[in-house]
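> Sharing a model prediction with you, sequence too.
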Amino acid sequence: MNILRAFVPLAFAILAPTVAHAGSVASPDGRIVATLDTSGEGTPTYSVSFDGEQVIDPSAIGFIFTDSNPMRRDFSVLEEKTASVDTRWEQPWGERRFVTDRHNELAVTFRQRDAAAREMTVRMRVFDDGLGFRVEFPEQDGMPVANIAEELTEFRIALDGEAWSIPAGDWNRYEYLYERTPISALSTVHTPVTMVLENGTHVSFHEAALVDYSGMWLRRMEGTRLRAQLSPSPRGPKVVREGAFNTPWRTIQIADGPAGLFESALILNLNEPNALGDVSWVVPHKYIGIWWEMHLDESSWASGEKHGATTANAKRHIDFAAEHGFRGVLIEGWNLGWDGNWFGNGRDYDFTTAYPDFDIAEVARYARQKGVRIIGHHETGGNIDVYERQLDDAMALYGKLGIDAVKTGYVADAGGVISRDVDRNEIFVWHDGQEQVNHHLRVVQTAAANRIAVNPHEPVKDTGLRRTYPNWVSREGARGGEYDAWAEPKNGPDHVPELIFTRLLSGPMDYTPGIFSLEGRDAVAPDIPSTLARQLAFYIAIYSPIQMVADLPENIAAHPQALDFVRRVAVDWHDSRLLEGAVGEYAIIARQVRDSDAWFIGGVTDETPRRPNIALDFLPEGRTFVATIWEDGEQADGLGHDRHAMDVRQVTVRHGDTLDLRMARAGGFAVELMPAAQ
């Protein structure tokens, strides 16, 4: 195979157009082999092996419709095509600057032997870090409109093992603590779901390029056989598509250890390139906000004496941001609609009218004068009908005021998002159903037209669309830092080590770290299970191009050593590597700063204290670096009384040296590696 340099894509090599049977395709390194075929009943199937051992036994691919016969069996192979790609592309921002796309492809077209003679093509792309496959439907007389009731795509996992998952179809969207169970004990779960098979193979199931389709859950049928289950719709069919269309990619990341999962770019590579052109206006940054005080119940989103989003409070936060180098200030609760019951309602929101005690134009002017940007906020209460009717005006207002980032929110129970049907009747849809998938893309595209970046909370899950729409900078989509304010149980010490190998495999997360006080509401959830050094480690371990320092300004200022670190840590990276780790237990991550020779290392652990000895083999040879270390003190204990004990020290290091570091229970560390002056 001819490997091209730089960014020139390799032309597709199309082989014989017609074959009598399906075939196989291997990853470029030959370790992963995927096969497409038909069963004895004519059911399209695929299977996957890794290093000669079966990972996925022959598994069905098919569909059930609400208005036509299933596409389940009686298929024959019409044609087979293969291709290979070896190229590299550049991210405008990201956990790594350059991404290698190196894969082999097999596309098999199946025709059903019935009166309609319907066709579908299964396209399989196999990379060294896993594979993705999707179904492509041509425009065809036998199916002018596809009303999909359910997919029949299966994942027959060849071995049992351990799985880390959160439930799908329950009320709280994606915001759950992860459960560690046997694969054979799963129920219905969201993706990404990550597994370690009995032979040590690491596998994660997800999807890529979720566009105009319903999100995929995984339901265990029996044993280790899983089947796709699409998020519901009140229309009856879960997906409605006209003419030619593609499903999202069903993805399986495969590796012999956790580093292979962490460093995988498979999800991004299965998305289309940047559709927005110049996105230099998307600026990675750190921010503070009028937010944590509401979670502590010291302020309110609603108007009145406790209202947090006042002009005076906003200016106070802007002053703090300007003094300490934060680009952004998030302001929640500024607009009409927060009074009364807004949860799962949102009928009273006005996205262009501020409360009387908040002068949005003056606040935006004051921020610009101070060199700070306001981060806008659009909470919908799960009412996308109200939001979409105001969307153009709301984004235009932000664009006019120079507000170039917005946090959106969809606080409603799963299945409780308010929309309208074609007859304008109010209906209730799911956060990851086709209606909401399309809504999020409309928001991102409208924001892009106004040069605004978008960070949705209570979102649809990340499937790599940040490659196509780079203004889709981050999202929540998991149990974030807010739960440490008021929830019981809080986010335990294993939560972030689980997120790193599950949710974060899909893309950036706005976890809202940086609670330096380590306290939630005194009467509800005091004593966050974390050390101070662990809070710093989050900025390296939890990737996002926008990073909040979520605590109150006075609490941030009260910890000058921690504040010094967050001033220094980067948010945009040239490279990212997992140095050590185990799923759900601990992770030690190194990231190189973009356009710099500097590196940062962050480590987090569960309830087990650790003393890692980190080899600095990733540093260039012949250079000297100054390592500034923020680590748990000797007496630190993230589950005990001395959670703030933190040592800060400096040592000089070179390639080949090691760093001896300390992580307490529920602890962590952060390291800055700066080239020494020559």
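Nice, thanks for sending it over.
> In contact with D114: list those residues for me.
By CB atoms under 8 Å, 6 or more residues apart in numbering, the contact set of D114 is 69, 74. In short, each C-beta sits where N, CA and C put it, glycine included.
> any idea how far it is from I148?
Going from D114 to I148 by CB to CB, to the nearest Å gives 18 Å.
> Find the helix or strand that the residue located most distally from the centre of the chain is a member of.
Taking CA atoms, centre = their mean as the measure, the residue most remote from the mean C-alpha position of the chain is A115, 43.2 Å away. Assigned by DSSP states H and E, A115 belongs to no helix or strand.
> mind saving the C-alpha coords of stretch 428-442 as CSV?
Listed next in CSV are the C-alpha coordinates belonging to stretch 428-442 (Å, rounded to 0.1, in the frame of the first residue of the first chain):
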residue,chain,number,x,y,z
PHE,A,428,-42.9,14.7,24.3
VAL,A,429,-39.7,13.3,22.8
TRP,A,430,-36.4,11.7,24.2
HIS,A,431,-33.1,13.5,24.7
ASP,A,432,-31.5,11.1,22.2
GLY,A,433,-34.4,10.5,19.8
GLN,A,434,-34.3,11.6,16.1
GLU,A,435,-36.2,14.8,16.9
GLN,A,436,-33.7,16.0,19.5
VAL,A,437,-30.7,14.8,17.4
ASN,A,438,-31.9,17.1,14.6
HIS,A,439,-32.6,19.9,17.1
HIS,A,440,-29.0,20.0,18.4
LEU,A,441,-27.6,20.2,14.9
ARG,A,442,-29.9,23.1,14.1
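> buried residues in it?
The neighbour-count check on stretch 428-442 (16 or more other CB atoms under 10 Å) flags 429-441 as buried.
> same question, stretch 441-449
Residues 441, 443-448 are the ones in stretch 441-449 that count as buried (16+ other CB under 10 Å).
> Please enumerate the strands of the stretch 251-400 of the chain.
Per DSSP state E, counting those that start in this stretch, the stretch 251-400 of the chain carries strands over the ranges 285-290, 328-331, 373-379.
> Show me where this structure has its helices.
Ranges of helices within the chain are 258-262, 266-269, 292-295, 311-324, 360-369, 384-401, 434-449, 483-486, 495-499, 532-541, 553-557, 560-568, based on DSSP state H.
> which stretch among the strands of the stretch 251-400 of the chain comes nearest E136?
strand 373-379 (35.1 Å; CB to CB).
> would you turn the buried residues of stretch 441-449 into CSV with pLDDT and distance to V135?
What follows is the buried residues of stretch 441-449, written out as CSV (pLDDT from 0 to 100; distance: CB to CB, whole Å):
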residue, pLDDT, distance to V135
L441, 98, 20
V443, 98, 27
V444, 98, 25
Q445, 98, 25
T446, 98, 30
A447, 98, 31
A448, 98, 29
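> Tabulate those residues (TSV), appending distance to M395.
Shown next, in TSV, are these (distance: CB to CB, whole Å):
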residue	distance to M395
L441	14
V443	8
V444	10
Q445	10
T446	5
A447	6
A448	9
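> residues in contact with S596?
Counting by CB under 8 Å, 6+ apart, S596 has contacts 570, 574.
> do Q112 as well
Counting by CB under 8 Å, 6+ apart, Q112 makes contact with 71, 74-75, 118-119.
> Which ones among those residues map onto strands?
Assigned to strands by DSSP state E, the following of those qualify: 75, 119.
> Show me which of the contacts of Q112 is closest to D551.
Nearest to D551, judged by CB to CB, of the contacts of Q112 is M71 at 53.5 Å.
> Looking at the residue lying closest to that closest one once chain neighbours are set aside now. What's its pLDDT?
Excluding the flanking residues, the one nearest M71 by CB to CB, 6 or more residues apart in numbering is F63, at 4.6 Å. We have a pLDDT of 98 for F63.
> F63: neighbouring residues, count only.
23 (other CB atoms under 10 Å).
> so what's it bridging to?
M71, E151 (DSSP bridges).
> Please tell me how far it sits from K238.
11 Å.
> Find residues that contact each of the two.
148, 150.
> and the end-to-end length of stretch 304-312?
14 Å (CA to CA, to the nearest Å).
> Domain map for this structure?
By the assignment in automatic domain parsing, the chain contains the domains 24-269, 274-477, 485-547+560-678.
> Now render the ones you listed as CSV, adding distance to E554.
Formatted as CSV, the domains of the chain follow (distance: least, CB to CB, whole Å):
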stretch, distance to E554
domain 24-269, 28
domain 274-477, 9
domain 485-547+560-678, 9
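> quick revisit: which one of the buried residues of stretch 441-449 is nearest Y543?
Looking across the buried residues of stretch 441-449 and measuring by CB to CB, the closest to Y543 is V444, at 19.3 Å.
> Surely the closest one is in contact with N471?
Yes. Here V444 lies in contact with N471, judged by CB atoms under 8 Å, at a distance of 6.4 Å.
> Give me the common contacts of those two.
Here V444 and N471 have V454 as joint contacts, going by CB under 8 Å, 6+ apart.
> ok, now how distant is the one residue sitting closest to the centre of the chain from P58?
By CA atoms, centre = their mean, the chain has its centre lying nearest to G507, at 3.1 Å. For G507, the distance to P58 (CB to CB) stands at 31 Å.
> One more: I452?
I452 is 47 Å from P58, by CB to CB.
> Neighbour count for these two, which is higher?
Comparing I452 with P58 by other CB under 10 Å, the one with more neighbours is I452, at 23 against 16.
> Quick one: residues contacting the more buried one.
By CB under 8 Å, 6+ apart, the contact list for I452 reads 376, 395, 398-399, 403-406, 471.
> pretty sure S76 is touching T38, no?
Yes. S76 lies in contact with T38 (CB under 8 Å); the separation is 6.9 Å.
> Now list whatever residues contact both of these two.
F110.
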